[in-house]
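Q: sequence? don't have it. structure:
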DNA sequence: ACTATGCTATAACGGCGTTATAGAAGTGGC
DNA sequence: GCCACTTCTATAACGCCGTTATAGCATAGT
């Protein structure tokens, strides 16, 4: 049974790393711990992912896949502007549900890590999902016309600001971050209309 | 001449660390390199700053001091709303001029580092400088009345979003970040008026 | 002059990412 | 059946990190 040892496949390693990231945060993401959690040796990580950065890239893409899915799950109604507002709420929910993935994706929590071009492409793909909804709103004359990608970037930046600060609990300790996020999202959508 | 060795005072160490951070980025901030750049031994860093986190705290406070100074330098006119817009520009200029300090302050670039309560207090102090200007705008009936600190946090979040993304060159490579920042700042100030 | 104190530099410890090395399992030819 | 040969594995080593222990030396007090 089993080819030779326990099945330390790429999926097993990735799952172990993802769990480690979710449960103990980025500092638990060491090659030795990932390999031990997956039941294999450190070299296994190197042969399958080329090193720590390869695993981080996979987790990065995993995060953007989840974020893209969350955006996709937002229902599309006849009011594209309301849909965009709901996208904002979904964005914040994603960040609060997967804070460590969010930090890996958007704050450079892991020191030497820089996402590979492929990984960045996955990020842009998630952004274009937002751009699609922006385009819909433009077509419905609910948003000022222009480059949908550029407008989507503005909305994204308005999301990232409060969410990023909330996750690192910056600012006054009694800050109502849900309120900050709501006000900011509303202001930017009104401002672009 | 000289007490005993070269003057590896706290200021010398801090200056060496700050230069290292500015010129080579956070990854150059190792205790050994800081000590060598300051002309002393590693123990020097420990006796004067208690460890690496102590130095990071000092750099963190240094960054917020600079940011506070930049906010203070924005001229105060009879149009508080225009002053706030200028504060936004000053904020982005600061981030672009001191990107590595900004990342230390706002993105958790350095892995295990968490700012001490004192350091966080310095951050809140810089934020209340923005809150003062918000209060002025409220007194002039240019902004909706409310808690100035909360409103300042909203404005801050609107600044941090685009600036943070720009610094890590996220998003489409041809993004006009100055434009994103301008649109977002204008939208949030209009939205709060 | 001599002890005591405090600061210094060096060395060591455990852990990190990564690389080199050696061993075991599978494969093809004869 | 047996022997190279390839391939994947696990272990150990290297140089770095933050931190701590240790030993040396300059000053202060008497």
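A: Arrived safely. Being a predicted model, the structure only gives us computed values, none of them experimental. Numbering: from 1, shown residues only, chains lettered A, B, ... in the order given.

Q: And the residue of chain A closest to DNA strand D?
A: In chain A, no residue comes nearer to DNA strand D than residue A:41, which is 3.1 Å away by CB to the nearest atom of the strand. Every residue, glycine included, has its C-beta placed from N, CA and C.

Q: Look up the closest residue to that residue, ignoring the ones flanking it.
A: Closest residue to residue A:41 apart from its sequence neighbours, by CB to CB, 6 or more residues apart in numbering or on different chains: residue A:35 at 5.7 Å.

Q: so who does that neighbour touch?
A: A:8, A:13, A:41-45 (CB atoms under 8 Å, 6 or more residues apart in numbering or on different chains).

Q: From those residues, which land in helices?
A: Counting by DSSP state H, the contacts of residue A:35 place A:13, A:42-45 in helices.

Q: Max pairwise distance over these: which two?
A: Greatest spatial distance among the ones in helices among the contacts of residue A:35 (CB to CB): A:13 and A:43, at 11.7 Å.

Q: tell me the mean pLDDT over the host helix or strand of residue A:165?
A: For residue A:165, the element it lies in under DSSP states H and E is helix A:148-167. For helix A:148-167, mean pLDDT is 96.

Q: In what element of secondary structure is the nearest residue to residue A:80 once chain neighbours are set aside found?
A: Spatial nearest neighbour of residue A:80, chain neighbours left out: residue A:137 (3.7 Å); criterion: CB to CB, 6+ apart. Assigned by DSSP H and E, residue A:137 belongs to helix A:117-139.

Q: what comes up buried for that helix?
A: Using 16 or more other CB atoms under 10 Å in any protein chain shown as the test for burial, helix A:117-139 gives A:119-120, A:122-123, A:126-131, A:133-138.

Q: Taking helix A:148-167 as reference, get the angle to it.
A: Taking axes from the mean of the first three to the mean of the last three CA atoms, to 10 degrees, one finds helix A:117-139 and helix A:148-167 inclined to each other by 110 degrees.

Q: Show me how to select, in PyMOL, the buried members of the ones in helices among the contacts of residue A:35.
A: Applying 16+ other CB under 10 Å to the ones in helices among the contacts of residue A:35 leaves a buried subset, and the PyMOL line that selects it is:
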select buried, chain A and resi 13+44+45
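
Q: Show the overlap between the ones in helices among the contacts of residue A:35 and what lies near DNA strand C.
A: Near DNA strand C, judged by CB under 7 Å from any atom of the strand, the entries from those are A:42-43.

Q: Turn the ones in helices among the contacts of residue A:35 into CSV, including distance to residue A:155 and pLDDT.
A: Formatted as CSV, these follow (distance: CB to CB, whole Å; pLDDT from 0 to 100):
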residue, distance to residue A:155, pLDDT
A:13, 35, 94
A:42, 42, 92
A:43, 44, 92
A:44, 41, 91
A:45, 37, 93
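
Q: TSV please, covering the ones in helices among the contacts of residue A:35 and showing distance to chain B.
A: Converted to TSV, these look like this (distance: CB to the nearest CB, whole Å):
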residue	distance to chain B
A:13	21
A:42	20
A:43	24
A:44	24
A:45	19
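
Q: Closest one to residue B:146 out of the ones in helices among the contacts of residue A:35, please.
A: Of these, the one sitting nearest to residue B:146 (CB to CB) turns out to be residue A:13, at 50.2 Å.

Q: what about that closest one, distance to residue A:27?
A: From residue A:13 over to residue A:27 the distance is 18 Å, taken as CB to CB, to the nearest Å.

Q: ditto for residue A:42
A: 18 Å.
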